[in-house]
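Student: Next one to model:
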Amino acid sequence: MNDVWSRKGILSPSLISCCDLCNLERCVQTLETAGIDMLHVDILDGHFSPSMPLGLDTVAQLRSRTALPFDVHLMATENDFFVDELLRAGADQIVFHAETEPNLDYQLNQIHAAGVRAGIALRPATPLSVLEYVLEKCDAVLLMLINPGYAQCRSEGQVPYAARKVRELRAMIRERGLSTKIILDGRISRQDLASYIPDGLADIFVAGSTCLNRQELAASAAALVQYRDTLL
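Tutor: Residues are numbered from 1 along each chain as shown. Predicted structure coming up:
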């Protein structure tokens, strides 16, 4: 499982966007069979974003039902409780938001101490400068390309400065000689894969309803994997 983090163009479907939550285990098995690399697990507290679609107990139970890594995106105003619970639930990577965490260095240390990959997530308008002194400790940085909480608003597209932010973050990582992964989240399309995979500008792509069809999950997931493979 560990070698998944070294792959190019990792596909990480969002459970809450792609799966029928009443048949979550079956959907995850479908994704695994299709050749998906890992699962993107969004955990929301109802304050950071007005939604709580996936519970901690569900994540813990799902852990024993799939071998796919859990890439957790924590969206909470108070991170400590959720980080502790997610570590117990078997998360393989936890990224939390810089906007709500007053002690970035401490939280990264806590997650790493449990032997779990750690990283920081940024809202679209949050500047990369917040990473200045902690980037070396980040296994991953998640860039939100749409504003959190508005995924159901079809008029809410990727922010116009998305590509510039991705390129500037990649430049920071390369200049420091780091292996930090870049995760892109928000209206990810096949065009995004084509734009960012060949030159290694981004590493992990959170697949949602823009490129996966919940009603035809097996076929759309297999087709997306096949398309990704043509870009490698």
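Student: Run through the helices of the protein in chain order.
Tutor: 15-18, 24-33, 56-63, 79-89, 104-113, 162-175, 190-196, 217-231 (DSSP state H).
Student: I'd like the distance from the second one to the chain centre, please.
Tutor: Going back to what we said before, that points to helix 24-33. Relative to its chain's centre, helix 24-33 lies at 18 Å (CA atoms, centre = their mean, to the nearest Å).
Student: and it, what other elements does it pack with?
Tutor: Contacts defined by 3 or more CB pairs under 8 Å, 6 or more residues apart in numbering; DSSP states H and E place helix 24-33 against helix 15-18, helix 56-63, helix 217-231. In this view, the C-beta of every residue, glycine as well, is placed from N, C-alpha and C.
Student: any idea of the angle that helix forms with helix 56-63?
Tutor: If you take axes from the mean of the first three to the mean of the last three CA atoms, to 10 degrees, helix 24-33 sits at 40 degrees to helix 56-63.
Student: how about helix 24-33: buried residues?
Tutor: 24, 27-28, 30-32 (16 or more other CB atoms under 10 Å).
Student: from those residues, which is closest to Thr180?
Tutor: Checking the buried residues of helix 24-33 against Thr180 with CB to CB, the nearest one is Leu31 at 25.6 Å.
Student: ok, that closest one - contacts?
Tutor: 13, 18-19, 39, 68, 217, 221 (CB atoms under 8 Å, 6 or more residues apart in numbering).
Student: same check, this time on Val72
Tutor: By CB under 8 Å, 6+ apart, the contact set of Val72 is 41-43, 59, 86, 91-95.
Student: pLDDT score assigned to it?
Tutor: pLDDT recorded at Val72 is 98.
Student: before we move on, the earlier item: what would the contacts of Leu31 look like in CSV with pLDDT and distance to Arg170?
Tutor: Shown next, in CSV, are the contacts of Leu31 (pLDDT from 0 to 100; distance: CB to CB, whole Å):
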residue, pLDDT, distance to Arg170
Pro13, 98, 23
Cys18, 93, 26
Cys19, 94, 30
Leu39, 98, 24
Leu68, 97, 26
Leu217, 97, 31
Ala221, 98, 27
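Student: what two of those residues are the furthest from one another?
Tutor: Top of the distance list for the contacts of Leu31 (CB to CB): Leu68 and Leu217, 14.4 Å.
Student: and the gap between Ala76 and Glu85?
Tutor: Note on Ala76: its distance to Glu85, by CB to CB, to the nearest Å, is 11 Å.
Student: and these two? which has more neighbours close in?
Tutor: Between Ala76 and Glu85, Ala76 has the larger neighbour count (other CB atoms under 10 Å), namely 20 against 15.
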